[in-house]
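> Got a sequence here, can you model it:
(one chain, ligands or ions: 1)
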Amino acid sequence: MADFTPARTRVAPSPTGDPHVGTAFMALFDKAWARRTGGQFVLRIEDTDQARLVEGSEQQIYDSLAWLGLQPDEGPNVGGDHGPYRQSERLDTYRPFVDRLIEAGHAYYCWCSPERLKEMRDEQARTKQSVTGYDRLCHGKTKEERAKLPGFSDTPVVRMLIPDDVPLTFHDIIRGEVKAPRPDDQVILKTDGFPTYHMAVVVDDHLMGINTVVRGEEWISSTPKHILLYQWLGWEVPAFAHMPLLRNTDKSKISKRKNPAARLMWFKEEGYLPEAVVNFLQLLGYAGDEDAEVKAFDEFVADFAWSKVHTVGPIFDLKKLDWLNGHYIRSLTADELADRIVAWAREYGQWSETMRTDVLRQAVPIIQERLVTLKDALPQLDYLFASDVTIADDARATLKEDSGAVLDEAIAVLEDIPMDAAAIQTGLRERICEGMGIKPKFAFGPLRVAISGRKVSPPLFESMEILGRDETLRRLRALRATL
Ligand code: GLU
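Take a look at the predicted model:
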């Protein structure tokens with residue numbers, strides 16, 4: 001391994017609903033970098049906004065990361081030396097640091113009521129002031145002094161006193177030198193005594209030993225504030241990697257409201273393989289790297305480099321995912337694929353008691369080549385398990401006058417040839433195509449309808465082999481009897 005400092009990275013989702021695909025995107029790069037450098041990847045649950053918590057969401061975060069193989073090395077569900085890993089269990093941690101900042105003059109109480117702040121902002125907007133943000137009415141005042149002025153509220157917040165010379169550029173390990181807008185006097189402690197994200201994230205990242213902060217680009221504008229907090233508290237500033245936002249093919253932002261695929265569990269529900277989803281997310285980060293197309297996570301880790309991460313253009317193109325999924329499906333053995341199909345079908349209610357794993361294992365090779373998702377498998381193969389084949393109307397409509405004769409001949413052939421696909425094909429070709437002079441298209445159409453009930457089905461002769469002689473004959477006779 002190269003001489004890297006072991007990275008401690010973290011992903012810090014808020015359990016406010018179904019996990020977002022962005023959480024996996026961050027976790028993937030966190031875990032890759034931790035692995036590459038021999039470090040650790042930490043999961044922290046940011047659950048201080050009690051009003052937005054959604055029951056079950058935290059469990060879904062664990063489940064979906066585990067499904068993708070992106071389990072953390074430390075976290076609420078796995079433990080570790082830097083816990084607790086849930087912010088709601090750390091509430092006593094933050095206050096002493098806020099007090100230190102107040103004592104040092106880096107932070108101050110603000111008693112302005114929400115109404116006063118609104119008036120102030122409206123006035124700033126009306127007069128088009130170039131400098132906006134909090135006007136520091138409370139700064140330097142005692143509670144008594146401030147109480148004499150309008151817009152006073154008894155329960156204060158604590159704000160950062162952003163200095164005039166606040167550095168507005170910082171180094172990002174993906175983007176190089178990054179410029180951010182001048183921050184406002186950010187609230188760091190709310191009226192309820194809870195820290196805001198900005199305070200909690202700095203304290204937690206420091207106490208958890210995080211030295212590489214990987215997060216979405218929407219946090220770039222907050223970074224100068226975070227760097228000030230680190231400096232004021234006398235702590236080493238971590239490295240920052242701001243990942244690009246995932247976008248739709250029309251360049252709009254991925255949102256759970258508009259895109260089903262923004263929900264991480266969607267990929268599982270739709271029958272994508274976790275290794276394909278991971279590969280897809282890798283590619284989103286490495287946009288435009290032709291050599292990175294198909295790469296298992298371990299290979300991705302082995303030559304991971306931040307310089308390959310693209311900051312523009314990761315387009316969330318599900319066609320690419322379909323292609324990758326097909327690739328990973330084809331690379332499984334038939335038995336592995338059958339087992340995955342069964343596990344998926346059981347979880348999502350596609351499995352029925354008439355279905356049989358041994359039959360599915362035999363049948364999988366006939367669809368594997370063109371299969372896109374696990375979800376698509378059984379609907380293509382369900383005829384194999386049917387006790388009575390239902391003939392679709394459009395399939396029956398393809399039957400011609402000679403269909404009865406074709407079925408009779410096929411029944412005669414299949415009564416006494418070996419039931420393997422090659423022998424079936426040869427036997428039927430000889431007797432129906434050559435013997436009766438019927439083109440293959442018309443010769444095999446009625447047989448396909450009898451066997452599958454459909455116009456189009458997976459390969460016919462293989463299907464007959466899987467069904468066996470008795471069931472094949474039974475189906476051919478059943479259709480024959482209706483003509
Ligand atoms: N809880 C924040 C989020 O969900 C974490 C941001 C960060 O990684 O710093 O976006």
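> Helix, strand or coil: sort out residue 477 for me.
helix (DSSP: H, G, I helix; E, B strand; the rest coil).
> From residue 63, how far out is residue 419?
Remark: distance between residue 419 and residue 63 (CB to CB, to the nearest Å) = 44 Å. For glycine as for every other residue, the C-beta is placed from the backbone atoms N, C-alpha and C.
> for residue 436, same thing?
From residue 436 to residue 63 the distance is 58 Å (CB to CB).
> Between these two, tell me which one has more neighbours.
residue 63 (16 against 13; other CB atoms under 10 Å).
> Return the per-residue confidence for that one.
Note on residue 63: pLDDT of 96.
> where does it land in three-state SS?
helix.
> who touches residue 95 in this structure?
Taking CB atoms under 8 Å, 6 or more residues apart in numbering, we find residue 95 in contact with 189, 193.
> Residue of the stretch 151-300 of the chain nearest the ligand, please.
residue 215 (3.5 Å; CB to the nearest ligand atom).
> can you pull out the helices in the stretch 101-250 of the chain?
All helices of the stretch 101-250 of the chain, identified by DSSP state H, counting those that start in this stretch, fall at 114-126, 143-147, 197-207, 223-232.
> Strands of this structure, start to end?
Applying DSSP state E to the chain gives strands spanning 8-11, 40-43, 107-112, 152-160, 169-172, 176-179, 187-189, 212-216, 239-243.
> Can you tell me which of those is packed in deepest?
Mean neighbour counts were compared across those using mean count of other CB atoms under 10 Å; the top stretch is strand 8-11, at a mean of 27.
> on that earlier part again, can I get the strands of the chain in TSV with distance to residue 473 and mean pLDDT?
Output for those, formatted as TSV (distance: least, CB to CB, whole Å; pLDDT from 0 to 100):
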stretch	distance to residue 473	mean pLDDT
strand 8-11	59	98
strand 40-43	58	98
strand 107-112	85	98
strand 152-160	81	98
strand 169-172	70	98
strand 176-179	72	98
strand 187-189	79	98
strand 212-216	62	97
strand 239-243	60	97
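> Close to the ligand: what parts of the stretch 101-250 of the chain are there?
Residues of the stretch 101-250 of the chain lying near the ligand by CB under 6 Å from any ligand atom: 201, 215, 219.
> which ones are touching the second one?
Read it as residue 215. By CB under 8 Å, 6+ apart, the contact list for residue 215 reads 12, 26, 240, 241, 242, 243.
> Check residue 115 too.
residue 151.
> Read off the pLDDT value for it.
The model reports residue 115 with a pLDDT of 97.
> what's the distance between residue 68 and the ligand?
Note on residue 68: its distance to the ligand, by CB to the nearest ligand atom, to the nearest Å, is 17 Å.
> Does that residue touch residue 24 like I think?
Yes - the criterion here is CB atoms under 8 Å, and residue 68 meets it with residue 24 at 5.8 Å.
> what is in contact with these two at once?
Shared contacts of residue 68 and residue 24 (CB under 8 Å, 6+ apart): residue 277.
> Compare neighbour counts for those two and give me the winner.
residue 24 (24 against 21).
> any idea of the pLDDT on that one?
What the model reports for residue 24 is a pLDDT of 97.
> Residue 381 contacts residue 368, doesn't it?
No - here residue 381 does not reach residue 368: they are 11.2 Å apart, not a contact under CB under 8 Å.
> more neighbours, these two?
More crowded of residue 381 and residue 368, by other CB under 10 Å: residue 381, with 22 against 18.
> which ones are touching that one?
For residue 381, the contacting residues are 360, 363, 367, 458, by CB under 8 Å, 6+ apart.
> separation between the last one and the ligand?
By that I understand residue 458. Per CB to the nearest ligand atom, residue 458 is found 45 Å from the ligand.
> Apart from its neighbours in sequence, what residue is nearest that residue?
The shortest distance from residue 458 to any non-neighbouring residue, by CB to CB, 6 or more residues apart in numbering, is to residue 366 (4.6 Å).
> got it, and residue 68?
residue 274 (4.9 Å).
> what about that neighbour, how many residues close to it?
Residue 274 has 18 nearby residues by other CB under 10 Å.
> still on that earlier bit, filter the contacts of residue 381 down to the buried ones.
Neighbour-count burial (16 or more other CB atoms under 10 Å) is assigned, among the contacts of residue 381, to 360, 363, 367, 458.
> could you dump these to a markdown table with distance to residue 234?
Shown next, in a markdown table, are these (distance: CB to CB, whole Å):
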| residue | distance to residue 234 |
| --- | --- |
| 360 | 63 |
| 363 | 66 |
| 367 | 63 |
| 458 | 68 |
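> Restricted to helices, list these.
Among the buried ones among the contacts of residue 381, the members falling in helices (DSSP state H) are 360, 363, 367.
> Give the closest residue to the residue sitting furthest away from the middle of the chain in space, chain neighbours not counted.
The C-alpha centroid of the chain is most remote from residue 435, which lies 56.5 Å away (CA atoms, centre = their mean). Nearest non-adjacent residue to residue 435, counting by CB to CB, 6+ apart: residue 409, 7.3 Å away.
> what are the ranges of the helices in the stretch 251-400 of the chain?
Using DSSP H, counting those that start in this stretch, the helices of the stretch 251-400 of the chain run over 264-269, 274-285, 297-302, 318-330, 334-347, 357-368, 377-381, 393-396.
> Can you give the contact residues for stretch 390-405?
Contacts for stretch 390-405 (CB under 8 Å, 6+ apart): 436, 438, 442, 445-446, 448-449, 453-455, 479-480, 482-483.
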